[in-house]
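Visitor: requesting a structural model of the entry that follows:
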Amino acid sequence: MDSSPATRRRFSLLAVIGPGLLVAATGVGAGDLATAAFSGHALGTAVLWAVVVGAGIKYVLNEGLARWQLATGETLLEGALTRLTGRFARPLQAAFLAYFFIWSFLVATALMSACGATAHAIYPLTASASTDKVLYGIAHALVGLALVRLGGYRLFERVMSATIVVMFVTVVATAVRVATDWGAVAADLVRPHLPATTGAAGWTAALMGGVGGTVTVLCYGYWIREEGREDTGELRVCRLDLGLAYAMTALFGLAMVIVGSTVEVSGRGAGLIVALADRLEATLGPTGRWTFLVGAWGAVASSLLGVWQSVPYLFADLWGLLREPAGATAPSGRRAPVDTAGRPYRVFLYVLATVPAVGLVWSFAAMQRLYALVGAAFMPILAAVLLALTGSGRFVGDGHRNRLATNLVLVAVLIFFSLLFARAVS
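Guide: You can find the predicted model right below:
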């Protein structure tokens with residue numbers, strides 16, 4: 001029996017659940033915290049079921065992504081931009097690159113801002129919250145850069161595992177302390193319905209779409225490559241760690257809705273987190289406030305670190321596709337995996353961790369709306385791509401194509417989020 005360090009690593013618990021933990025930590029940012037808290041405040045626990053549905057949708061999307069990659073050896077991005085585009089490959093690749101730049105700038109700025117505001121609430125450096133937001137935001141960005149650049153994937157994985165435990169335990173513990181009617185919580189969890197409240201449909205849709213991230217869903221494929229998962233024999237392990245990831249994501253979202261349903265909520269984005277902590281102090285005392293703030297910081301800091309490590313994979317993959325001869329397709333020969341020591345990955349990492357800092361001094365009302373629109377546009381695109389690539393056995397073989405239930409879910413996602421996007425831009 002092989003007892004080498006590599007083999008022991010392969011079958012260790014962290015190797016099995018690590019990519020899933022990274023998905024859970026990266027997919028929960030300041031916007032998700034705010035949406036869940038506002039939804040809980042506006043509608044109470046009546047929308048708890050939407051959190052579970054949202055997490056289930058993200059599981060279906062990510063399972064399809066993993067199944068595609070393990071069956072073909074290609075990332076979903078590679079498959080979409082080579083197998084489905086034909087003679088339009090170059091303009092579509094360029095269009096996605098432009099979309100990707102906009103999304104990356106917005107999400108990086110939002111995460112820096114959230115980390116800065118939350119850190120200021122925990123330990124103020126100056127009397128000015130806006131000054132501290134900039135200082136702490138830049139500091140978090142640079143520390144994240146150093147961890148990713150110098151520590152590599154293994155250090156990143158360990159740090160992320162620790163931060164997700166912090167955010168999970170503290171926020172769930174806060175929800176347990178403030179909840180008063182667990183019978184109503186249980187009933188609302190299993191009874192899908194919309195309360196007769198103005199804006200109920202909008203809040204519910206936002207909650208379903210916000211759970212578990214948007215573009216960052218694509219990063220799971222690169223993390224499973226880091227763990228050596230290369231063929232369909234690993235699909236069962238992927239389903240296991242994705243199931244755990246989205247169960248944790250759902251529980252975290254449920255906790256935030258419960259917390260939001262018990263206190264008056266005001267503010268926006270990162271400012272909401274601080275305002276919510278201040279409100280909790282009246283109910284739970286200083287310890288409750290600190291507990292929640294530490295958990296919120298763990299959520300936004302782990303999301304920042306996850307974006308810093310994973311999003312450069314996407315750029316490097318795109319860059320490789322753009323540099324290939326026009327019309328080249330993956331079946332002619334598998335492309336090499338993304339090299340995290342290569343120039344495209346490193347350059348984009350440095351850009352991501354520095355350039356968006358200019359946005360820390362801006363007003364973000366319009367930017368947050370644009371960020372929401374960009375994220376809403378991605379979900380129907382992802383569902384359509386999965387239907388095209390895995391909906392039949394054409395590319396993945398009959399043994400790995402979608403089941404009927406999966407296709408129905410993807411069609412529902414395509415229709416629902418397309419309508420949501422159309423409503424948002426109208």
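Visitor: just checking, what packs against the helix ranked longest in the chain?
Guide: In the chain, taking DSSP state H as the definition, the longest helix is helix 270-323. In this structure, helix 270-323 makes packing contacts with helix 13-26, helix 30-43, helix 76-83, helix 89-122, helix 129-178, helix 220-226, helix 235-262, helix 343-354, judged by 3 or more C-beta pairs under 8 Å, 6 or more residues apart in numbering; DSSP states H and E. Any C-beta I mention is one placed from the backbone N, CA and C, and that applies to glycine too.
Visitor: and of those helices, who's closest to Val396?
Guide: Closest approach to Val396 among those (C-beta to C-beta): helix 76-83, 9.6 Å.
Visitor: tell me the angle of that closest one relative to helix 270-323?
Guide: Using axes from the mean of the first three to the mean of the last three C-alpha atoms, to 10 degrees, the direction of helix 76-83 lies 40 degrees away from that of helix 270-323.
Visitor: what is helix 76-83 packed up against?
Guide: Using 3+ C-beta pairs under 8 Å, 6+ apart, helix 76-83 is in contact with helix 48-72, helix 89-122, helix 270-323, helix 365-390.
Visitor: what residues does it touch?
Guide: Residues from elsewhere that reach helix 76-83, judged by C-beta atoms under 8 Å, 6 or more residues apart in numbering: 65, 68-69, 72, 74, 89, 92-93, 96, 218, 221, 314, 317-318, 321, 328-330, 335, 385-386, 388-389, 395.
Visitor: returning to that earlier point: kindly reformat the helices and strands packed on helix 270-323 as a markdown table containing mean pLDDT.
Guide: What follows is these, written out as a markdown table (pLDDT from 0 to 100):
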| stretch | mean pLDDT |
| --- | --- |
| helix 13-26 | 78 |
| helix 30-43 | 74 |
| helix 76-83 | 89 |
| helix 89-122 | 87 |
| helix 129-178 | 88 |
| helix 220-226 | 91 |
| helix 235-262 | 89 |
| helix 343-354 | 96 |
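Visitor: could you redo those helices as CSV and give each row distance to Leu284 and mean neighbour count?
Guide: Compiled in CSV, the helices and strands packed on helix 270-323 are given as follows (distance: least, C-beta to C-beta, whole Å; neighbours: other C-beta atoms under 10 Å):
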stretch, distance to Leu284, mean neighbour count
helix 13-26, 25, 23
helix 30-43, 15, 25
helix 76-83, 43, 23
helix 89-122, 15, 20
helix 129-178, 6, 18
helix 220-226, 36, 24
helix 235-262, 10, 23
helix 343-354, 35, 18
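Visitor: still on that earlier bit, tell me how far the longest helix of the chain is from the chain's mean position?
Guide: 10 Å (C-alpha atoms, centre = their mean, to the nearest Å).
Visitor: what angle separates that helix from helix 30-43?
Guide: Using the same axes, to 10 degrees, helix 270-323 lies at 130 degrees relative to helix 30-43.
Visitor: picking up where we left off before, of all the helices and strands packed on helix 270-323, which one comes closest to Ala201?
Guide: Using C-beta to C-beta, the helices and strands packed on helix 270-323 put helix 30-43 closest to Ala201, at 10.3 Å.
Visitor: what is the orientation angle of the closest one with helix 129-178?
Guide: Using the same axes, to 10 degrees: helix 30-43 against helix 129-178 is 50 degrees.
Visitor: what's helix 30-43 packed up against?
Guide: Against helix 30-43 (3+ C-beta pairs under 8 Å, 6+ apart) you get helix 89-122, helix 200-210, helix 235-262, helix 270-323, helix 365-390.
Visitor: OK, contacts around Val52?
Guide: Leu189, Ala250, Leu254.
Visitor: I'd say the last one and Ala175 touch.
Guide: To tie it back to what came earlier, the one meant is Leu254. Yes - Leu254 is within contact range of Ala175, at 7.4 Å (criterion: C-beta atoms under 8 Å).
Visitor: quickly list what's touching both of these two.
Guide: By C-beta under 8 Å, 6+ apart, no residue touches both Leu254 and Ala175.
Visitor: pull the contacting residues for the closest residue to Ile415 other than its chain neighbours.
Guide: Closest residue to Ile415 apart from its sequence neighbours, by C-beta to C-beta, 6 or more residues apart in numbering: Pro380 at 7.9 Å. Shown in contact with Pro380 (C-beta under 8 Å, 6+ apart): Val413, Leu414, Ile415, Phe417, Ser418, Phe421.
Visitor: quick revisit: format the helices and strands packed on helix 270-323 as TSV; extra columns: distance to Ala206.
Guide: Formatted as TSV, the helices and strands packed on helix 270-323 follow (distance: least, C-beta to C-beta, whole Å):
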stretch	distance to Ala206
helix 13-26	19
helix 30-43	5
helix 76-83	25
helix 89-122	15
helix 129-178	19
helix 220-226	23
helix 235-262	12
helix 343-354	26
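Visitor: between these, which gets nearest to Ala277?
Guide: Closest among these, using C-beta to C-beta: helix 89-122, at 6.3 Å.
Visitor: centre of the chain versus the closest one, how much separation?
Guide: With C-alpha atoms, centre = their mean, you get 12 Å for helix 89-122.
Visitor: helices or strands up against that helix?
Guide: Helix 89-122 packs on helix 30-43, helix 76-83, helix 129-178, helix 270-323, helix 343-354, helix 365-390, going by 3+ C-beta pairs under 8 Å, 6+ apart.
Visitor: give me the pLDDT for the nearest residue to Arg67 once chain neighbours are set aside.
Guide: Of all residues not flanking Arg67 in the chain, His400 sits nearest, at 5.6 Å (C-beta to C-beta, 6+ apart). We have a pLDDT of 94 for His400.
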